[in-house]
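> no sequence on hand, only this structure:
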């Protein structure tokens, strides 16, 4: 098991510069963490635009809160906590909004936003379609998980966080984390099975019809 | 080891985090329990399927847009608290509004209402012109002219224009009042908006 890393010297210096308002130093700090922060935001929100907004908000909040950062935890843990909380808050807000305005639901279904997530990069259109479909399916399945469960699955299975790191980020006990991860993966397993079964049914119907 | 234990230890088992002895007991149960075995395999498959998720690249302008916002905040803080400029402007407009209405010239308003309507107004206007004419002839009487102007006349220095200007002078003051009040309200609203923007 990996220990939650203590603050290395270079990072301490960088943070000190940031705390005194040095934006160049903050740029370096962001550069180090933007990939993971963005990935977390993307997997939690399921859309490129939202992920960019959430990641930006995370870094803004972090900079404003840096004077309060005393180095009790590692900086990365602290930053990821801000990211995860920002994402969870957004989910909560959305849920409220969706409950208030039911018209919104039809416009902003989680499935409806998926097609525009993946950029055209590969030249072969067939490969593009296949990868795109798979990526869209993966994200769609993730989005079906309750946000708190989604967070642990994303952190562990996609971003490779250690259990200790996750517990520290989420500020929960190890036992709670383990049971949440178990529940999340069990839910994932069920969703995956449902998806597979659906595909079976579809191909079966096709065969029957053809 | 029971099926419940197996469920509870599934994550650690799949992540290879169980201590050696526990892992042995876990696998022993899996060998004997088809149900738990299936759960373990299916969970593993689902996680592995999920792990095909592509690596994500943050947008190239992520950091620059964060820095831009922070730079703006920094400058704003260096200057004044948000809304201060608007509040000062609002105060200035308010003072202007008060002064404008307290000045002796504010009596214009009454003359205007009279002159614009009743014949009495014209009558008094005629008297006024007489007094002014006298004032022009004798400098010593200028003070009286001023006093009479304060009682209800327009600027004594421009009698000839007064007649032409009268209909516009009165609406001017009212218009100025209206305009200043509007500006005042706008400034106050703007100041409030600026302050609110800062709140997270």
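That came through, no problem. Predicted model only: the values in this text are computed from it and were never measured.
> tell me which element the residue nearest the centre of chain A is part of?
Nearest to the mean C-alpha position of chain A, by Cα atoms, centre = their mean, lies residue A:40 at 2.8 Å. Using DSSP states H and E, residue A:40 sits in helix A:23-45.
> need the next SSE after that helix, C-terminal direction.
Going down the chain from helix A:23-45, the next helix or strand is helix A:48-65, by DSSP H and E.
> who touches that next one?
A:18, A:26, A:30, A:34, A:37-38, A:41-42, A:44-45, A:78-79, A:82-83, A:86-87, A:90, A:116-117, B:56, B:58-59, B:62-63, B:65-66, B:69-70 (Cβ atoms under 8 Å, 6 or more residues apart in numbering or on different chains). C-beta: built from backbone N, CA, C; applies to glycine.
> any of the residues you listed buried? List them.
The neighbour count (16 or more other Cβ atoms under 10 Å in any protein chain shown) marks A:18, A:26, A:30, A:34, A:37-38, A:41-42, A:44-45, A:78-79, A:82-83, A:86-87, A:90, A:117, B:56, B:58-59, B:62-63, B:65-66, B:70 as buried among the contacts of helix A:48-65.
> buried sites along the helix ranked longest in chain A?
If you go by DSSP state H, chain A has its longest helix at helix A:174-209. Residues A:177-178, A:180-189, A:191-192, A:195 are the ones in helix A:174-209 that count as buried (16+ other Cβ under 10 Å).
> ditto for stretch A:54-72
Within stretch A:54-72, judged by 16+ other Cβ under 10 Å, the buried ones are A:54-63, A:66, A:69.
> got CSV for those residues, with pLDDT too?
Putting the buried residues of stretch A:54-72 into CSV (pLDDT from 0 to 100) gives the following:
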residue, pLDDT
A:54, 96
A:55, 97
A:56, 96
A:57, 95
A:58, 96
A:59, 96
A:60, 95
A:61, 93
A:62, 94
A:63, 93
A:66, 90
A:69, 87
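> how many residues are close by the nearest residue to residue B:90 once chain neighbours are set aside?
Spatially, and ignoring its direct neighbours in sequence, residue B:90 is nearest to residue B:187 (3.9 Å; Cβ to Cβ, 6 or more residues apart in numbering or on different chains). Here the number of neighbours of residue B:187 (other Cβ atoms under 10 Å in any protein chain shown) works out to 21.
> please identify the helix or strand for residue B:187.
Per DSSP H and E: helix B:159-198 holds residue B:187.
> flag the shaky bits of chain A, pLDDT-wise.
A:1-6, A:100-125, A:127, A:208-210 (pLDDT under 70).
> near chain B, from the buried residues of helix A:174-209?
A:178, A:181-182, A:185-186, A:188-189, A:191-192 (Cβ under 8 Å from any Cβ of the partner chain).
> residues contacting residue A:145?
Residue A:145 sits next to A:153, A:184, A:187-188, A:191 when contact means Cβ under 8 Å, 6+ apart.
> picking up where we left off before, hmm, which two among the buried residues of stretch A:54-72 are most spread apart?
Of all pairs drawn from the buried residues of stretch A:54-72, the one with the longest distance (Cβ to Cβ) is A:54 and A:69, at 20.0 Å.
> alright, I will stop here.
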